[in-house]
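Asker: Please find the sequence and the predicted model below.
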Amino acid sequence: MAKQIKGRENGPYLIEGTATYVDADGNEQTTQGTTIALCRCGGSANKPFCDGTHRKINFEAPEIILQLSE
């Protein structure tokens, strides 16, 4: 399972490795060894995933790292 979530400076949240989430249709999905980028600016047309809109709207936020407990 993913051990941390990184918030890139002025960018999305990144989750590396295996992560389980529930999609918009209520289906549980699990990533396998990939990195997913989650929108943090609120402007993505593909929420909850990042589509790069943060660059177009000059989103600003500090870099953060959230440690997840197992």
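Answerer: Ah, there it is.

Asker: CA only for contacts and neighbour counts going forward, please
Answerer: Will do.

Asker: count of residues packed around Lys3?
Answerer: Look at Lys3: counted by other C-alpha atoms under 10 Å, it has 14 neighbours.

Asker: what's the distance between it and Tyr21?
Answerer: 14 Å (C-alpha to C-alpha, to the nearest Å).

Asker: cool, and Gln29?
Answerer: Going from Gln29 to Tyr21 by C-alpha to C-alpha gives 5 Å.

Asker: The nearest residue in space to Gly33 that is not next to it in sequence: what's it in contact with?
Answerer: Nearest residue to Gly33, sequence neighbours excluded (C-alpha to C-alpha, 6 or more residues apart in numbering): Gly17, at 4.3 Å. Residues in contact with Gly17 (C-alpha atoms under 8 Å, 6 or more residues apart in numbering) are Met1, Ala2, Thr31, Gln32, Gly33, Thr34, Thr35.

Asker: Buried by neighbour count, from the residues you listed: which ones?
Answerer: With burial judged by 16 or more other C-alpha atoms under 10 Å, the buried subset of these is Ala2, Thr31.

Asker: Specify which member of the contacts of Gly17 is nearest to Ile57.
Answerer: Thr35 (23.3 Å; C-alpha to C-alpha).

Asker: tell me the SS of Ile65?
Answerer: strand (DSSP: H, G, I helix; E, B strand; the rest coil).

Asker: can I assume it is in contact with Lys3?
Answerer: No - counting by C-alpha atoms under 8 Å, Ile65 does not reach Lys3; the two are 10.3 Å apart.

Asker: The chain: strands as residue ranges?
Answerer: 4-7, 13-16, 20-22, 28-30, 35-38, 64-67 (DSSP state E).

Asker: The third one pairs with which strands?
Answerer: When pairs are called by DSSP bridges, strand 20-22 turns out to pair with strand 28-30 (antiparallel).

Asker: gap between the strand it pairs with and the chain center?
Answerer: Taking C-alpha atoms, centre = their mean, to the nearest Å, one finds the center of strand 28-30 at 14 Å from the center of the full chain.

Asker: pLDDT of that strand, averaged?
Answerer: What strand 28-30 shows for mean pLDDT is 90.
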